[in-house]
Each structure stands twice: as structure tokens, then as C-alpha cells.
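Participant: Got a predicted structure here, sequence first:
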Amino acid sequence: MSNVKKLALAATVAACAAGVLAGPAAAAAAPPARTVLPFTRPADVVATGDRVFVSGGSDATQIVVTDVAGTVTGVLDGLPGPTDLQLSNDRRTLYVALPSAGAIAAFDTASLVESARYDTGDGACPSSLAFGGRYLWFSYGCGQWDSDIGRVDLRRSTVATGLAGQKFFAPPLLATARRDPTILVAGTTALTPAETWAYDVGTGGTLSQSGLPGRDPERGFLADIALDPDGVTVYAAASNPYLVQAYAMTDMSQPVRAYDTGPFPSSVELSRDGERVAAATTVPTGGSPQLFVFTADGSASTQTDLTGQNNRAVARGLAWAPNGRRLYALTVDDIDPADPAELHVLRVPA
């Protein structure tokens, strides 16, 4: 990590030295529009600016395409269990994890034509994707304690696996910094306390661990992570505590800010400029999931109910429009799993 980057990270920590910050009570927001989806267990959502993509999940074969308002305009079909989605920084390419096929597919977001498919190997089961310029990073693993991190070299169309230098209990969540491709963050799932690791990306796509793993004893069962555009701050949503927490990359064991969401935050997503933090909470059966929008410094926030036929927000099922004017959220029905999932479209004031 460069001296400039270390100074920037130290400044972040110093600015928050007075303690963890929490925003004021959230103001109510207008309810979002809803679109019924043709599947029951969607996995992810991303937005390009004029299109929104929703993957159907491990039991489906489709990715639904909508316009910015959520109206369905097309479908990518014939895919074996599409799950995690990732856009290139220019939003021209959509990458899709196909764990049941041991592959990652790439689609042109304008023509909707598949442009490449990368074989990740037998038994790899690619899970979380993260775009890092030349490299597309992916976590993988089909069983317990067999998970690792791999990469696709997008210039050479080659795949490499076994890069983390350790095995994880389950495929970790991955995040990259849009303005700094030399940083990769990984976070464990299904364990408590949840751990996070920072990696420096070296020449040729090598990974070297940066500092000690972040092991906050108050953070359990990590549900989602996000990284700010400059790679200075990591955001985590976990079943415990009932907060979205922000950590400086220099020390991921102690939060520097916190955003009050109430029970079971399941998703966290930063706007493209890093100025706003969106979070969704899942709730016990019979309740309504909540959707929050915070300013990054925690000074203001809005809150809305994700009302409709569904009662649970999908973990990692949030996406910002690139211009920051809309927020997309996925919900499912745990009372009747046969009911279709929904896409919620929230207009966000400037």
C-alpha cells in the first residue's frame, strides 16, 4: 500500500477518533414502485443507466432486463442458475456467476449478446464477483472449507484459482474500489465473528494480504460488504449488530462510523460517487423490509417500507442507478415461497 494511500486512510481514522457516529432519526420516503418478477428467488440486481438486470438465482435460467422505471423489456434465457452479477466500470459488460456450471458468462449490455464464457474449473462453483480493471475477481467453493479466490485475466482470457493463500469456510464476499484496482477486500459469511481481509493486487494479478484480518467481535454472520470508490472505507452489513458499520482499511477491527438500520441489515450499497449509503433490512416473517438511504457521514437519512406481497429483502439485492437518482431493491416471500419475487424502484432526491 502506497504512503499516499496510508496517509489518506490515517486521516479517515483521525476524523472519526471521537467515536462511532450514527445519523439522526430517518425521515420517511415515498413508497417505491414495484415490478413482479418471473421467478421466486432472485440473487442480484445491477443497473447500467438505461437498463436494470435481475438474476433469477440458482434455481432459475433467466436474467430479467428492465428499463430504469422497472418495466420488463427483455430476458436473457437458457442460463444454468445465474446468481451474482457484476458490471465493468464502463457498464458495457455484464458478468454473471454460473455456479452450477462452474463458469462465468459475459454479456454486452447494449446488444444483450453473450460475448464470452470463462470456465472456472470442475467443482469451483463461482460465487461473488468483483471487477478490478484488467482482472475480474471471483470467490468459489462448493463445500465447507474448500473456498478460495480466483481471477479472470480479461486481456488474455485466462483463469487462475487458489490465489488467497488460505481456505475459507464458504466463498467470501468480494469488493473492489472503482478508482483503485490495486485493492481487493474479502469478507467471510456463515461465521461469527465475521472476518474481513484486505489484499494488495500486484504485478500479474498476484494477491498479498495487507495488514491483519479485521475481526470485530461484535460483527457476526456477514451479509454484505461494499468499498468506497477510493478504497479507503469498507462498509459491512451483518445479522449482528443492528447497524451498517464502516471501517477504515487500516484497521477493520473497529468501526469508525455506524448507520442505524434496526434488526438484521442484509445489504449495503454505495452510490457511484461514494456520497450516499443505501441499506436494506430483512425482518421476521410477517413484517415489512426497510430500505434506508444515508449520507456517507451519517448526518441525514431517509427510510421507506418495501411493501407488497413479499416480506424479506434479498441479501445483497440492492443497486444504485449510476446517476444516483434511483435505487433498486429485491424482495421475496418467505410465507409462500411459490409467490413471485419483486423489484422495487425508489426515486431518490438529489
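Facilitator: Alright, I've got the coordinates.

Participant: mind listing what the residue nearest to Ala160 when sequence neighbours are not counted touches?
Facilitator: Nearest residue to Ala160, sequence neighbours excluded (CB to CB, 6 or more residues apart in numbering): Arg151, at 5.4 Å. Quick note: C-beta positions are derived from backbone N, CA and C, even for glycine. By CB atoms under 8 Å, 6 or more residues apart in numbering, Arg151 lies in contact with 132, 135-138, 159-160, 163, 205.

Participant: pLDDT and distance to Phe169 added to those residues, as TSV?
Facilitator: Listed next are the contacts of Arg151 as TSV, based on pLDDT from 0 to 100; distance: CB to CB, whole Å:
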residue	pLDDT	distance to Phe169
Gly132	97	24
Tyr135	98	24
Leu136	98	23
Trp137	98	19
Phe138	98	17
Val159	97	23
Ala160	97	22
Leu163	97	17
Gly205	96	24
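
Participant: Pass me the low-pLDDT residue ranges in the stretch 101-250 of the chain, would you?
Facilitator: Confidence mapping of the stretch 101-250 of the chain against pLDDT under 70 gives the ranges 212.

Participant: Would you map the strands across it?
Facilitator: For the stretch 101-250 of the chain, the strands defined by DSSP state E, counting those that start in this stretch cover 103-108, 114-119, 126-132, 135-140, 148-153, 158-160, 173-177, 180-187, 195-201, 207-209, 214-215, 220-227, 233-240, 243-248.

Participant: how about the CA coordinates for the third one, as PDB?
Facilitator: In this case it means strand 126-132. Taking Å, rounded to 0.1, in the frame of the first residue of the first chain, the C-alpha atoms of strand 126-132 are listed here in PDB:
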ATOM      1  CA  PRO A 126     -18.000 -19.300  -8.600                       C
ATOM      2  CA  SER A 127     -19.900 -17.100  -6.100                       C
ATOM      3  CA  SER A 128     -19.100 -13.500  -5.500                       C
ATOM      4  CA  LEU A 129     -17.700 -11.300  -8.400                       C
ATOM      5  CA  ALA A 130     -15.700  -8.100  -8.200                       C
ATOM      6  CA  PHE A 131     -14.400  -6.000 -11.200                       C
ATOM      7  CA  GLY A 132     -10.800  -4.800 -10.900                       C
END
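
Participant: For stretch 237-248, what is the distance to the chain centroid?
Facilitator: With CA atoms, centre = their mean, to the nearest Å as the basis, stretch 237-248 stands 14 Å off its chain's centre.

Participant: Actually, stretch 68-86.
Facilitator: 17 Å.
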